[in-house]
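[1] here is my input; please provide its structure:
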Amino acid sequence: MPRPKTKKELLAQSHAQHAALTTFIDGLSPADRERAFKPGTMNRNIRDVLGHLHHWHMLMLGWYATGLKGGKPEIPAKGYTWATTPDLNHWIHGQYVDMPLKKVRALFERSHAEVMALIEAHSDAELFTKKRYPWTGSTSLGAYLVSCTSSHYDWALKLIRKGST
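    Here you go, the predicted structure:
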């Protein structure tokens, strides 16, 4: 699927990928939703994947809030760089490992709705003009939003499908 370049495309792809992800999960039996994936990935089950998605939503919302106030957000997170993202993801994993799937899924759905509302609140120019906001550096707000929605949901669905077979 081509990377979204407009608000309409971003919303459509985000909704479609979210629907594909949740439909797949809902199609699994309750036992299969809780079952561990085959060894080889840090995210060992659906709860882990949804916790990961939720946390990245929250990071994005935090960056946006800080940037909106004129601040410079710590991206990807305080104490981490893009080069240490695997360490960050390992830390994120630990934040949700003891939560029930039902709670993590509710967190994911709530943060998904918040990110979608953020997208809805902006024009194409606000979303896809590079360097429009100082905090996004050389890229656009939309690029960050694509990464934490449609692209991330596609990754999650592939991981869950692979882990569930």
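[2] contacting residues for Y153?
    Residues in contact with Y153, defined by Cβ atoms under 8 Å, 6 or more residues apart in numbering, are 14, 17-18, 20-21, 53. In short, each C-beta sits where N, CA and C put it, glycine included.
[3] got it, and R105?
    25, 47, 50.
[4] neighbours around V104, how many?
    As a burial measure, V104 scores 23 neighbours (other Cβ atoms under 10 Å).
[5] helices along the chain, start to end?
    Along the chain, the segments classed as helices by DSSP state H run 7-26, 30-34, 46-68, 85-96, 101-120, 124-128, 141-148, 150-164.
[6] can you add distance to G40 and mean pLDDT and give those helices back as a markdown table?
    Shown next, in a markdown table, are the helices of the chain (distance: least, Cβ to Cβ, whole Å; pLDDT from 0 to 100):
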| stretch | distance to G40 | mean pLDDT |
| --- | --- | --- |
| helix 7-26 | 20 | 98 |
| helix 30-34 | 18 | 94 |
| helix 46-68 | 13 | 97 |
| helix 85-96 | 14 | 96 |
| helix 101-120 | 21 | 98 |
| helix 124-128 | 36 | 98 |
| helix 141-148 | 24 | 97 |
| helix 150-164 | 9 | 94 |
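[7] out of those, which gets nearest to I75?
    Minimum separation from I75 across the helices of the chain (Cβ to Cβ) falls at helix 46-68, 5.7 Å.
[8] can you name every helix or strand that that closest one contacts?
    For helix 46-68, the contact count by 3 or more Cβ pairs under 8 Å, 6 or more residues apart in numbering; DSSP states H and E identifies helix 30-34, helix 85-96, helix 101-120, helix 141-148, helix 150-164 as packing neighbours.
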